[in-house]
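**Student:** need the 3D shape of this:
(one chain, ligands or ions: 1)
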Amino acid sequence: MQEQSAAAPDPHPATDPHPATDPDPGSDGVGARAGAGAAVISTRALTKRYRGGQLAVDGLDLTVPAGSVFGFLGPNGSGKTTTIRMLMGLIEPTSGTAEVLGRPMPRSARTVLPEVGALIEGPALYGFLSGRDNLLRYDAADPTADPRTRHARVGAALDRVGLTAAAGKKAKAYSLGMKQRLGLAAALLRPRRLLVLDEPTNGLDPQGMREIRTLVRALASDGTTVFLSSHLLDEIEQVCTHAAVMARGRLITQGPVAELATGARGRLVVTTPDPADAARVLKEQGVGDVVVTEDRVTGEPPDRDLAELNAALVTAGVRVRGFGVERASLEDAFLALTGEGFDVAG
Ligand SMILES: Nc1ncnc2c1ncn2[C@@H]1O[C@H](COP(=O)(O)OP(=O)(O)OP(=O)(O)O)[C@@H](O)[C@H]1O
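**Tutor:** Residues are numbered from 1 along each chain as shown. You can find the predicted model right below:
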């Protein structure tokens, strides 16, 4: 699974996007530049059992390709945050291994983390300080940040997240979406090869969600790999190129989003002013799981020519306004893979 260029550090990378940011160029911090298509995150049988005995992550093999917007999807309690905390070196795995930017974690945290921008469990902000002063203070707390470029970098980060006009306002006056954007700005104070965002739109209103999603897309188009966790299926479908689906600590599937959804079969949808008759005929014709919602009748398409089904409806006198198979969504795929509904309650 691990690609060659990430596994074998190259001491003379052809292109080094952030040469000045490597805090420790003389030591093992050099090299390990994952090339195009290499895995930026790679885990092998990664497992975490908490002291109480809870198996939170169970044998996880995850591969996050460079340049992807990778959605880490799962219902609440499926092990997403625990995985992220292991990837960031905040907690030790019980067993298994994790590599980030081609280096083992948590052992290489000191060299890896300066190249990773993280937004985990919401940003820690001082409400009495302005947005700009929060970032200045945050940057000053980073011993590897260059104070000479601080003001320019803070200005650029504020600009990147669209907070320049509100930079002088106290953070406590910010909306939740603005606070989240300020947290992202903090993660962008230096060039990053990887952004790790834990539920970045959690608790935001639809407008705030749109802003963060637009920002994530823009960051990704600059070449930064983005790893974001979410319990929202539609968010992953809208924003991500790749996804991994977790349930109860285990990986259910991973790959390009388009391929994950095509693994599941779409649903047959008939629109008709005669839904009861349509449902009866469809059942007679072998359509499974028939559901009627007002003038829409849906079901699992049988393995036969759908033209025959349509003809059977018309022959039985059902007036058909629309007939077709809706593309399978990631939700259909999740259902097909786990046999369970997706808990979106939290
Ligand atoms: N510090 C801890 N000690 C013991 N059990 C824990 C701890 N942290 C999490 N767990 C348990 O591990 C499991 C996975 O939790 P985790 O927070 O990783 O899931 P999640 O997918 O991120 O969910 P959420 O979105 O609710 O945070 C859950 O059953 C949770 O109760």
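**Student:** quick check: phi and psi at the closest residue to the ligand within the stretch 151-300 of the chain.
**Tutor:** Residue nearest to the ligand within the stretch 151-300 of the chain (CB to the nearest ligand atom): residue 231, separated by 5.8 Å. For the C-beta atoms, the positions are set from N, CA and C on the backbone; glycine is no exception. In terms of degrees, to the nearest 10, the main-chain angles of residue 231 are phi -110, psi 10.
**Student:** that one against residue 72, yeah?
**Tutor:** No. Between residue 231 and residue 72 there is no contact under CB atoms under 8 Å: 9.9 Å.
**Student:** more crowded one of those two?
**Tutor:** A side-by-side neighbour count of residue 231 and residue 72, using other CB atoms under 10 Å, places residue 72 first with 32 against 22.
**Student:** ok, back up a step: what sits in contact with each of residue 231 and residue 72?
**Tutor:** Counting by CB atoms under 8 Å, 6 or more residues apart in numbering, the shared contacts of residue 231 and residue 72 are residue 80.
**Student:** and residue 127, how many neighbours does it have?
**Tutor:** Counted with other CB under 10 Å, the neighbours of residue 127 add up to 11.
**Student:** you'd agree it is in a helix?
**Tutor:** No. Residue 127: not assigned to a helix; according to DSSP: H, G, I helix; E, B strand; the rest coil it is coil.
**Student:** quick check: closest non-adjacent residue to it.
**Tutor:** The shortest distance from residue 127 to any non-neighbouring residue, by CB to CB, 6 or more residues apart in numbering, is to residue 172 (3.2 Å).
**Student:** hmm, the one you found is touching residue 129, no?
**Tutor:** No. Between residue 172 and residue 129 there is no contact under CB under 8 Å: 9.0 Å.
**Student:** give me the more crowded residue out of those two.
**Tutor:** Neighbour comparison, residue 172 and residue 129: the larger count goes to residue 129, with 16 against 11 (by other CB under 10 Å).
**Student:** surely the more buried one is in contact with residue 171?
**Tutor:** Yes. Between residue 129 and residue 171 there is a contact at 6.1 Å, judged by CB under 8 Å.
**Student:** pLDDT weak spots in the stretch 101-250 of the chain?
**Tutor:** Counting by pLDDT under 70, the stretch 101-250 of the chain has low-confidence residues at 122-123.
**Student:** for residue 268, pull up the helix or strand it's in.
**Tutor:** Taking DSSP states H and E as the criterion, residue 268 maps to strand 267-271.
**Student:** by neighbour count, which bits of stretch 56-63 are buried? Give me those.
**Tutor:** For stretch 56-63, burial by neighbour count (16 or more other CB atoms under 10 Å) applies to 56-58, 60, 62-63.
**Student:** distance between that stretch and the chain's centre?
**Tutor:** Centroid displacement of stretch 56-63 relative to its chain, using CA atoms, centre = their mean, to the nearest Å, is 16 Å.
**Student:** does any part of that stretch sit near the ligand?
**Tutor:** Yes. Residues of stretch 56-63 contacting the ligand under CB under 6 Å from any ligand atom: residue 56.
**Student:** may I have that stretch exported as PDB, CA atoms only?
**Tutor:** C-alpha atoms of stretch 56-63 as PDB (Å, rounded to 0.1, in the frame of the first residue of the first chain):
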ATOM      1  CA  ALA A  56     -11.900   2.600  19.600                       C
ATOM      2  CA  VAL A  57      -9.800   1.800  16.500                       C
ATOM      3  CA  ASP A  58      -9.400  -1.700  15.300                       C
ATOM      4  CA  GLY A  59      -6.700  -2.800  12.800                       C
ATOM      5  CA  LEU A  60      -7.000   0.300  10.500                       C
ATOM      6  CA  ASP A  61      -5.100   0.300   7.100                       C
ATOM      7  CA  LEU A  62      -5.600   3.800   5.800                       C
ATOM      8  CA  THR A  63      -3.900   5.300   2.600                       C
END
